[in-house]
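Participant: the sequence and its predicted three-dimensional model are supplied below.
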Amino acid sequence: MEGKDRKNNFAPGHNACPGCGAAIGVRQIMRAAGENIIVVSPTGCLETFSSPYGGSAWEVPWVHPLFENAPAVATGIKAALKHQGNEETRVLVIGGDGATYDIGMGSLSGMLEREDEILYICYDNEGYMNTGIQRSSATPYGAKTSTTPIGVCSFGESCRKKDLLEIARAHHIKYAASGTIAYPQDLMKKVKKGLATKGPAFIHLLTPCSLGWGIEPEATIEFSKLAVETALFPLVEYENGELVNIFIPKKIKPVDEYLKKQKRYTHLFSKENAGVLAEIQEMADANSRKYGFRQ
Amino acid sequence: MRNALIKKKEVMQGSIAVAEAVKSARPGVIAAYPITPQTYIIEHLATLIANGELKSRYVRADSEFSAASIVYGSVAAGERSYTASSSQGLLLMTEVIFNMAGTRLPVVITGVNRSISPPINIQNDHQDTMVLRDSGIIQLYVENIQEAVDTHIQIFKIAEDKEVLLPAMVCMDGFVISHTYEPVTIWKDEAVQEFLPPFSPVYKTDPQNPLTYGSLTDDDKVTEFKYMTNEALVKSKKKIIAVAREFQEIFGNHYGDLLQEYRTEDAEIILVAMGTVISTIKVAVDALRKNGKKVGVIKVRSYRPFPDEELRTALSKCRLAVVVDKSYSCSSGGILGSEIKACLYNQRGPSIINYIAGIGGREIFPETIKDMVVKSEKLAESGKIPDGSVFFDLNKQLLNNQLL
Ligand SMILES: Cc1ncc(C[n+]2csc(CCOP(=O)(O)OP(=O)(O)O)c2C)c(N)n1
């Protein structure tokens, strides 16, 4: 659009909480994504804070259909564009972890299996934040949420988080990567690659949530970084099935440094939960071994 | 003139004929997921595309939920789009169908009517499509294969009209229409194209003109949005009538505006129903007429929008209306029957008796209809009109069997 500053395709002034990791992430994504794009988002925090009627933050076409069908709607949009002979306009889905790991998993799998050029980005705040911080299957082991409360019979989330990137990769997609908001250049580069992929592409984006994780609003970037530095969230990139890039932190920090300052994990630092803490450290160690980090 | 428009006239299976009609409407995108008795339609469309006879993009969806979502997306992006389903598949689409209506996306869907599980059963009744009645979707019920063909051509034009912009469904009885063979006329593609111009959406997802779809909206505006969708459906009546008449003018066939009446002029008793059972009722009516009974039938062609005024007029002169429902709302009764009662309340209209019949494919014979008429008359004469709906053909012996 001539004469109009369209750099802010995701405009400021939306209703996200202060420090919202998802909002920071989407801003970085939309910077890299360009203007010739159609974005689909399922129901969730992003939809809620970005689309109040008459005050949409989206300066590109943006569609919010339902909670569980964004990948299928994106497929339909792509099919229409192809029928119109339009190969230029990109299609991007940005959906929460609940929409991705849980209720929309079937729809996502269908999208990843078909060969359409659609980039799916899961912004992962590790819970159903929009409805009041309930657990999702992305909620990490040991975390407290409103449906995994702490009690004499409960130490919080008792299941292990699914390995989403591996699930996506199992569809033989040509591009799969992880990213997080503390590394904006890395994320933007990955978004560009994902959008240029000839076929479906997938990015797992960790976006800390101050309310849900029990951290200060100004600390979301810090925790994004700590997740990487403790090896709990490795930054990796796969092209055509091959691991092509790993971000290797200079020194791997113990998981305590990441967990201790988050209110959702406070209970783990009591004597009876020492075993849970050790298990979480072992998950990080397994990542270090897998990607060759020096511990 | 009409002959010049005919591509072929032959004995065809209902599903194949419907697929040919959809083909002539040239949807840009088709998405589908198989379920009996819808399968032959979507298989034939896949074949037409494989043979290069139809240039649509065909997406083999991972579920009906996704199939509906895919065509939601493709209409949003400006393409004429089509899907079909039955029974459980339609239930799975329900959330998306509400979303299509509220977002004003004119997807066309064939509802090949089938009973809902349990007990699992693939035969026909109307429960599956009737459950969608509150969504805002247009629903036209058809009586035979030719009507199914012609209604599919009409319904794209109705749904895509700028004043309408609603999803629309042709409801056709599973097996009775989808799997049977009848002589059918298939119209030339050019003739259909002239009748049905390409889809030109008012809005679409265009990066040159970015719009937000599916905004979070507060209570100060939600009622008004819902009201507008409701109004669009009410106003679509005019378009349905206009399109039916235009179709008649060009192709010669007409199946009624919103209703179709048969031998109702002097009728004292009028049967009301939808779908293929209408043909059976017509046969029964003819036989009853021979015996001197003044009986007629009203086919509800457009169930949504609901033809309330039209029904009030059509039923104003008879003394007894017998509504035959192939669906019901648990504990409240036959759905069509209940709505007809509601629309005649406070009017000087006929007594109304509502039967629930034909569930799970149980056959309704002309004899069944005659039986209904005779029993209804007796009830009316003795002043014993039942308050609620009556399951007509219940097998009492089976109900008393402890094993059931
Ligand atoms: C079918 C359906 N079930 C449940 C909901 C309620 N709901 C809305 S948003 C949401 C949670 C979203 O979680 P997630 O995808 O992780 O995104 P977040 O809000 O955390 O950003 C839920 C459960 C819904 N809208 N639709």
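Facilitator: Right, received. Where do you want to start?
Participant: going forward, measure contacts between C-alpha atoms and count neighbours the same way
Facilitator: Noted.
Participant: quick check: closest non-adjacent residue to B:Leu48.
Facilitator: Nearest non-adjacent residue to B:Leu48, counting by CA to CA, 6 or more residues apart in numbering or on different chains: B:Leu54, 5.5 Å away.
Participant: wait, that neighbour touches B:Val29, no?
Facilitator: No - applying CA atoms under 8 Å, one finds B:Leu54 not in contact with B:Val29, separated by 10.7 Å.
Participant: between the two, who's got more neighbours?
Facilitator: Using other CA atoms under 10 Å in any protein chain shown, the more surrounded residue of B:Leu54 and B:Val29 is B:Val29, with 26 against 19.
Participant: go ahead and confirm that one touches B:Tyr82.
Facilitator: Yes - judged on CA under 8 Å, B:Val29 makes contact with B:Tyr82 at a distance of 6.6 Å.
Participant: need the residues touching each of these two.
Facilitator: B:Val71 (CA atoms under 8 Å, 6 or more residues apart in numbering or on different chains).
Participant: tell me the pLDDT at the most centrally placed residue in chain A?
Facilitator: Residue closest to the mean C-alpha point of chain A, counted by CA atoms, centre = their mean, is A:Tyr123 at 2.3 Å. Looking at A:Tyr123, its pLDDT stands at 98.
Participant: mind checking the SS state of it?
Facilitator: For A:Tyr123, the assignment made with DSSP: H, G, I helix; E, B strand; the rest coil gives strand.
Participant: what residues are bridge-paired with it?
Facilitator: Beta bridges link A:Tyr123 to A:Gly96, A:Leu205 when assigned by DSSP bridges.
Participant: stretch A:170-179 near chain B anywhere?
Facilitator: No - on the criterion CA under 8 Å from any CA of the partner chain, stretch A:170-179 is out of touch with chain B, staying 14.0 Å away.
Participant: end to end, how far does that stretch reach?
Facilitator: 19 Å (CA to CA, to the nearest Å).
Participant: starting at the chain centroid, how far to it?
Facilitator: Counting by CA atoms, centre = their mean, to the nearest Å, stretch A:170-179 is centred 14 Å from the centre of its parent chain.
Participant: tell me the span between the first and last residue of stretch A:78-98.
Facilitator: Start-to-end, stretch A:78-98 (CA to CA) is 24 Å.
Participant: and for stretch B:110-127?
Facilitator: Taking CA to CA, stretch B:110-127 runs 15 Å from one end to the other.
Participant: what's in contact with that stretch?
Facilitator: Under CA under 8 Å, 6+ apart, the answer for stretch B:110-127 is B:36-38, B:83-88, B:90, B:128-129, B:169-176, B:178, B:326-328, B:358-361.
Participant: what sits closest to residue 234 if chain neighbours are left out?
Facilitator: By default, I'm working from chain A. With CA to CA, 6+ apart, the residue lying closest to A:Pro234 is A:Val228, at 5.5 Å.
Participant: hmm, no, I was thinking of chain B.
Facilitator: In space, B:Val234 is closest to B:Pro305, 5.7 Å off (CA to CA, 6+ apart).
Participant: touching, that neighbour and B:Ser236? I think so.
Facilitator: Yes - here B:Pro305 reaches B:Ser236: they are 7.0 Å apart, a contact under CA under 8 Å.
Participant: buried residues, the helix or strand of chain B with the lowest mean pLDDT. List them.
Facilitator: Least confident helix or strand, chain B: helix B:396-400 with a mean of 90, by mean pLDDT, DSSP states H and E. Buried residues in helix B:396-400, counted by 16 or more other CA atoms under 10 Å in any protein chain shown: none are found.
Participant: do stretch B:247-256 as well
Facilitator: B:Phe247, B:Phe251, B:Asn253, B:His254, B:Tyr255, B:Gly256.
Participant: nearest residue to B:Ala168 in space, ignoring adjacent ones along the chain?
Facilitator: Nearest residue to B:Ala168 in three dimensions, chain neighbours excluded: B:Ile138, at 4.3 Å (CA to CA, 6+ apart).
Participant: pLDDT weak spots in chain B?
Facilitator: In the predicted model of chain B, residues B:1, B:403-404 satisfy pLDDT under 70.
Participant: scan chain A for its longest helix.
Facilitator: helix A:274-291 (DSSP state H).
Participant: flag every buried residue along it.
Facilitator: Across helix A:274-291, burial judged by 16+ other CA under 10 Å covers A:Val276, A:Leu277, A:Ile280, A:Gln281, A:Met283, A:Ala284, A:Asp285, A:Asn287, A:Ser288, A:Tyr291.
Participant: please parse chain B into its domains.
Facilitator: Following automatic domain parsing, one finds the domains of chain B at B:3-251, B:259-391.
Participant: dump those domains into TSV; add distance to the ligand as well.
Facilitator: As requested, the domains of chain B are exported to TSV (distance: least, CA to the nearest ligand atom, whole Å):
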stretch	distance to the ligand
domain B:3-251	8
domain B:259-391	23
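Participant: could the ones you listed go into JSON lines alongside distance to A:Thr148?
Facilitator: JSON lines is the format used below for the domains of chain B (distance: least, CA to CA, whole Å):
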{"stretch": "domain B:3-251", "distance to A:Thr148": "28"}
{"stretch": "domain B:259-391", "distance to A:Thr148": "37"}
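Participant: chain B against chain A: which residues are in contact?
Facilitator: Going by CA under 8 Å from any CA, the residues of chain B near chain A are B:28-29, B:56-57, B:59, B:61-62, B:65-67, B:69-79, B:96, B:99, B:205-218.
Participant: tell me which of those residues fall in strands.
Facilitator: Of the residues of chain B next to chain A, the ones assigned to strands by DSSP state E are B:Val29, B:Arg57, B:Val59, B:Thr212, B:Tyr213.
Participant: just checking, the last one touches B:Thr103?
Facilitator: Yes - in this structure B:Tyr213 lies within contact range of B:Thr103 using CA under 8 Å: 7.4 Å.
Participant: how about the secondary structure of A:Gly55?
Facilitator: Three-state call for A:Gly55 (three-state DSSP): coil.
Participant: show me the shaky parts of chain A.
Facilitator: Low-confidence segments of chain A, defined by pLDDT under 70, are located at A:1-7, A:295.
Participant: and the helices in it?
Facilitator: Under DSSP H, chain A gives helices at A:21-33, A:45-50, A:70-83, A:97, A:105-113, A:164-169, A:184-196, A:210-213, A:220-229, A:255-259, A:274-291.
Participant: and for chain B?
Facilitator: Ranges of helices in chain B, per DSSP H, are B:14-25, B:39-50, B:64-76, B:87-103, B:127-130, B:145-160, B:189-195, B:222-251, B:277-290, B:308-314, B:335-344, B:366-381, B:396-400.
Participant: and those helices, which is most packed in?
Facilitator: Ranked by average neighbour count under the criterion mean count of other CA atoms under 10 Å in any protein chain shown, these are headed by helix B:64-76 at a mean of 32.
Participant: which strands or helices does that one pack on?
Facilitator: helix A:70-83, strand B:29-32, strand B:57-60, strand B:81-85, helix B:87-103 (3 or more CA pairs under 8 Å, 6 or more residues apart in numbering or on different chains; DSSP states H and E).
Participant: C-alpha coordinates for that helix, PDB please?
Facilitator: C-alpha atoms of helix B:64-76 as PDB (Å, rounded to 0.1, in the frame of the first residue of the first chain):
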ATOM      1  CA  GLU B  64     -15.600 -33.600   8.700                       C
ATOM      2  CA  PHE B  65     -14.600 -30.900  11.200                       C
ATOM      3  CA  SER B  66     -11.600 -30.100   9.000                       C
ATOM      4  CA  ALA B  67     -13.600 -30.500   5.700                       C
ATOM      5  CA  ALA B  68     -16.000 -27.800   6.900                       C
ATOM      6  CA  SER B  69     -13.100 -25.700   8.100                       C
ATOM      7  CA  ILE B  70     -11.300 -26.000   4.800                       C
ATOM      8  CA  VAL B  71     -14.300 -24.700   2.800                       C
ATOM      9  CA  TYR B  72     -14.800 -22.000   5.400                       C
ATOM     10  CA  GLY B  73     -11.300 -20.900   4.600                       C
ATOM     11  CA  SER B  74     -11.600 -21.100   0.900                       C
ATOM     12  CA  VAL B  75     -14.900 -19.100   0.700                       C
ATOM     13  CA  ALA B  76     -13.200 -16.500   3.000                       C
END
